[in-house]
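Novice: Okay, predicted coordinates and the sequence, questions at the end:
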Amino acid sequence: MLPCSWIPGMVSALSLVIVIHVCRSVVGKDFVIQPRGSYDYIVVGGGTAGSVIASRLSEDSDVTVLLLEQGGDDRGIPAITVPALFQQTWTCPNLMRFYFSVPKPDAYKHMQGGQAQWPRGTVLGGCSSINNMAYLRGAREDYERWARHTGDAGWDYQHVLSYFKKMEKVTNPELKSSVYRGTDGPVSVTRASTVYELTDTILDAFLELGYKYNEDFNGETMEGVSRSQSNTDRGVRSSTARAYLHPALGRPNLDVAINATVQKIIIEDKRAVGVQLSKGAQSMIVSANREVILSAGTFGSAQLLMLSGIGPKEHLKELNISLVADLPVGENLQDHLIFDLAVSINASTDLPNDVLTSYWAVTEYNELKKGPLTLTDSGVAFHTSTTDEARRLDWPDVKILFALTPPTAANMLVHHYSPDLVDELSPRYNVTHGFALWPLLTRPESRGTLRLRSKDPRDDPIIDPNYYARQEDVDLMVRGVDICRKVLKTKAMAAVDAKLVDTVHLNICAEHEFDSKEFWACAIRARPRTLHHVAGTCKMGSPNDPTAVVDPQLRVLGVEGLRVADASIMPFVASANIHAPTIMIGEKAADLIKGKQLPQTVIYSNAQSTRPLIDTIVVIILCSIKLEVF
């Protein structure tokens, strides 16, 4: 364990180089300058799912694959490769594009301009190259619900589990022996080797409240408090670009074009036959002999479909876009929200702000790929069910996250909080030692929309997330805040003198008694901070579902040769960070395109556990009889 009182004062020249060049790639480019005229498959978007699909399809040397990525190369960029520097990607315009919601100043009073903000990765690997590398699959019931909704058992838990196991390479001995886990996949999954004192304090606080310790929230159940898991490989980020795409770049049947913007899908006689794209000053059309696969993300895939004439009829008519298929593209937008609570402590068990640029941290990372620069989060994950139904289904509805440093004015502005709120909270948050608690809604009920702003693909779409439109979401977040407050009242937290910094009224909620449900509901509604897990705008459903855009094979309804495969197809957002589920979607999509599917992984629950035992006894008895006869 590394005590956080270790605060080296030296800053090496190398650490300065990392800070200065954190956004810069030092790897030469080896991508196609200009794509050929035609390919068997065109994958639009080299992000979390697109990198997976392009790699898997190009395993067949008899087909040709073109991967088109709007952003650039991901290799050799410290902000991407060094786990603890992931937040630096927010300062790199070459790695990230920001989207903003429609202004709602009367509703989102604590957000700049009354707008929510979403960063999306514009680089190979997409959001898997810029996120915090948290690896969570979601609950069994998430996928059972998908299967019921689509009418396709291929999306149930035991089927998608086969793909989760296929894609992961679990390295920790206490995890890899589980029947739920995979050990031979491309994506590395591990626990942090560096643990801080505060990590154990947080764990002890939950155990003191009676919550169980869960060895593996990606195993039989998510419920309980656990040590977190992340996509890192020997101290380096394991994005889908690194895990899937980099090993495939030398294949002669795979072309990757970066800095290529797809403007529309070319559709003839209700069939996708290619794409129109721009690369630099050039505009060109590339043909697809078999299929076009959209993996441009929850915003990008929906926008491209509508630009190509696939979407709500009346909306496309307003923009004079010829209708190809009248489908509810852009509906069903969902997102995970958090609410941050600042906590002060009297002991230096948190993470010093300067530790990441210290001489010792940089040296340890460069020589051993160990130490604080390998950290991605606090090391703790907590999930709980707050209703009888959630408990019955083993389907946690609240997650609590932790940050090892308290919010700062700069951090609040980065996350798009209003200057008024920053001015009000900064003096309170000016603590020497502390951390942050973030309750999160795993299954929001509110639904938003995405619409085109214009026919120009360079214009951002109009996004209305409709946060907290449903009172159930507000009530659930209040319950999450209540759990956080109980955590702070434990003996474990008292030992470090943990105290909630927000102990006085917020100006806009002054009419409510502090610490009342009404006060927290007011503060929650005013501050809808996203965790950037947007999903659902190209909803998957059965072919006769009027709310569906794609069928269970991910084919766009009414259009041949066109699929969507990314987080936009989720009918309901998974109750976890959507990174791992999106990789799974990419793996499954590649098999669907190839016309195959992995067999389900059959694992008996506790209620079913006696059955295999009975079968085993019967087999033993029969074998014994046979041996006696012969």
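Specialist: On my side now, so go ahead.
Novice: Would you enumerate the residues in contact with the nearest residue to residue 172 once chain neighbours are set aside?
Specialist: Distances taken as CB to CB, 6 or more residues apart in numbering place residue 191 nearest to residue 172, at 5.2 Å, with adjacent residues excluded. In short, each C-beta sits where N, CA and C put it, glycine included. Taking CB atoms under 8 Å, 6 or more residues apart in numbering as the criterion, residue 191 is in contact with 172, 175, 227, 228, 229, 230, 379.
Novice: before we move on, what about residue 319?
Specialist: By CB under 8 Å, 6+ apart, the residues touching residue 319 are 452, 454, 455.
Novice: Now do it against residue 537, distance only.
Specialist: Distance, residue 319 to residue 537, by CB to CB, to the nearest Å: 17 Å.
Novice: How about residue 415?
Specialist: 23 Å.
Novice: Okay, strands next: where are they in the stretch 401-550 of the chain?
Specialist: Taking DSSP state E, counting those that start in this stretch as the criterion, the stretch 401-550 of the chain carries its strands at 434-441, 449-451, 462-464, 499-500, 529-530.
Novice: So what's the gap between the longest one and the chain middle?
Specialist: Taking CA atoms, centre = their mean, to the nearest Å, one finds the center of strand 434-441 at 17 Å from the center of the full chain.
Novice: Mind giving me the packing neighbours of that strand?
Specialist: For strand 434-441, the packing partners by 3 or more CB pairs under 8 Å, 6 or more residues apart in numbering; DSSP states H and E come out as strand 337-338, strand 341-344, strand 398-403, helix 471-488.
Novice: Nearest to residue 305, out of the ones you listed?
Specialist: Relative to residue 305, the nearest member of the helices and strands packed on strand 434-441 by CB to CB is strand 337-338, separated by 26.0 Å.
Novice: ok, now which ones touch the closest residue to residue 47 other than its chain neighbours?
Specialist: The shortest distance from residue 47 to any non-neighbouring residue, by CB to CB, 6+ apart, is to residue 126 (2.2 Å). By CB under 8 Å, 6+ apart, the residues touching residue 126 are 45, 46, 47, 48, 50, 51, 71, 120, 240, 297.
Novice: Give me the distance between residue 496 and residue 515.
Specialist: For residue 496, the distance to residue 515 (CB to CB) stands at 21 Å.
Novice: And those two? Which one has more around it.
Specialist: residue 496 (22 against 15; other CB atoms under 10 Å).
Novice: Secondary structure element holding the residue lying closest to residue 88 once chain neighbours are set aside?
Specialist: Leaving aside its chain neighbours, residue 88 sits nearest to residue 79 (4.2 Å; criterion: CB to CB, 6+ apart). Secondary structure from DSSP states H and E places residue 79 in helix 78-81.
Novice: Mind giving me the packing neighbours of the helix or strand following that helix?
Specialist: Helices and strands here follow DSSP H and E; after helix 78-81, the next one along the chain is strand 96-100. Contacts defined by 3+ CB pairs under 8 Å, 6+ apart place strand 96-100 against strand 117-121.
Novice: Using PDB, list the CA coordinates for the strand it packs on.
Specialist: Extracted C-alpha coordinates of strand 117-121, given in PDB (Å, rounded to 0.1, in the frame of the first residue of the first chain):
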ATOM      1  CA  GLN A 117     -21.900  18.900 -22.100                       C
ATOM      2  CA  TRP A 118     -20.700  15.600 -23.600                       C
ATOM      3  CA  PRO A 119     -17.100  14.900 -24.600                       C
ATOM      4  CA  ARG A 120     -16.700  12.300 -27.300                       C
ATOM      5  CA  GLY A 121     -13.500  10.700 -28.500                       C
END
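Novice: sorry, back to before: among the contacts of residue 126, which lie within strands?
Specialist: Counted as lying in strands by DSSP state E, out of those, are residue 120.
Novice: State the number of residues packed around the closest residue to residue 255 other than its chain neighbours.
Specialist: Excluding the flanking residues, the one nearest residue 255 by CB to CB, 6+ apart is residue 32, at 4.5 Å. For residue 32, the count of nearby residues is 16 (other CB under 10 Å).
Novice: cool, and the one 4 residues further on?
Specialist: Burial of residue 36, expressed as a neighbour count using other CB under 10 Å, amounts to 11.
Novice: Name the single longest strand found in this structure.
Specialist: Using DSSP E to define each element, the chain has its longest strand at strand 282-294.
Novice: what's the average pLDDT for it?
Specialist: Averaged over strand 282-294, pLDDT sits at 97.
Novice: begin at 683 from here
Specialist: Let's use 683 as the start, then, which means that last one is strand 964-976.
Novice: what lines up beside it in the sheet?
Specialist: strand 720-726 (parallel), strand 953-961 (antiparallel), strand 1244-1246 (parallel) (DSSP bridges).
Novice: May I have the longest one as CSV, with CA atoms only?
Specialist: What that stands for is strand 953-961. Output of strand 953-961 as CSV, limited to C-alpha atoms (Å, rounded to 0.1, in the frame of the first residue of the first chain):
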residue,chain,number,x,y,z
ARG,A,953,-30.0,-0.6,-50.3
ALA,A,954,-26.8,0.9,-48.9
VAL,A,955,-24.2,0.8,-51.6
GLY,A,956,-21.4,3.1,-50.2
VAL,A,957,-20.6,6.3,-48.5
GLN,A,958,-19.7,9.9,-49.4
LEU,A,959,-16.8,11.2,-47.4
SER,A,960,-14.4,14.1,-47.3
LYS,A,961,-10.7,13.8,-46.5
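Novice: Now do the buried residues in that strand.
Specialist: Judged by neighbour count (16 or more other CB atoms under 10 Å), strand 953-961 contains these buried residues: 954, 955, 956, 957, 958, 959, 960, 961.
Novice: Export the residues you listed as a markdown table, with columns for distance to residue 1171.
Specialist: Formatted as a markdown table, these follow (distance: CB to CB, whole Å):
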| residue | distance to residue 1171 |
| --- | --- |
| 954 | 58 |
| 955 | 63 |
| 956 | 62 |
| 957 | 57 |
| 958 | 60 |
| 959 | 57 |
| 960 | 58 |
| 961 | 58 |
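Novice: quick one: low-confidence ranges for the stretch 833-982 of the chain?
Specialist: Where the stretch 833-982 of the chain drops to pLDDT under 70, the residues are 876.
Novice: let's see 80
Specialist: Residue ranges of the stretch 833-982 of the chain with pLDDT under 80: 874-878.
Novice: picking that back up, for the helices and strands packed on strand 1116-1123, please prepare TSV with the additional fields mean neighbour count.
Specialist: Output for those, formatted as TSV (neighbours: other CB atoms under 10 Å):
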stretch	mean neighbour count
strand 1019-1020	24
strand 1023-1026	22
strand 1080-1085	22
helix 1153-1170	19
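Novice: To residue 816, which of the ones you listed lies closest?
Specialist: Nearest of the helices and strands packed on strand 1116-1123 (CB to CB): strand 1080-1085, 8.6 Å.
Novice: Show me the contact partners of that closest one.
Specialist: Strand 1080-1085 is contacted by residues 884, 1020, 1059-1060, 1062-1068, 1117-1124, 1158, 1161-1162, 1165-1166, 1169, 1257-1258 when judged by CB under 8 Å, 6+ apart.
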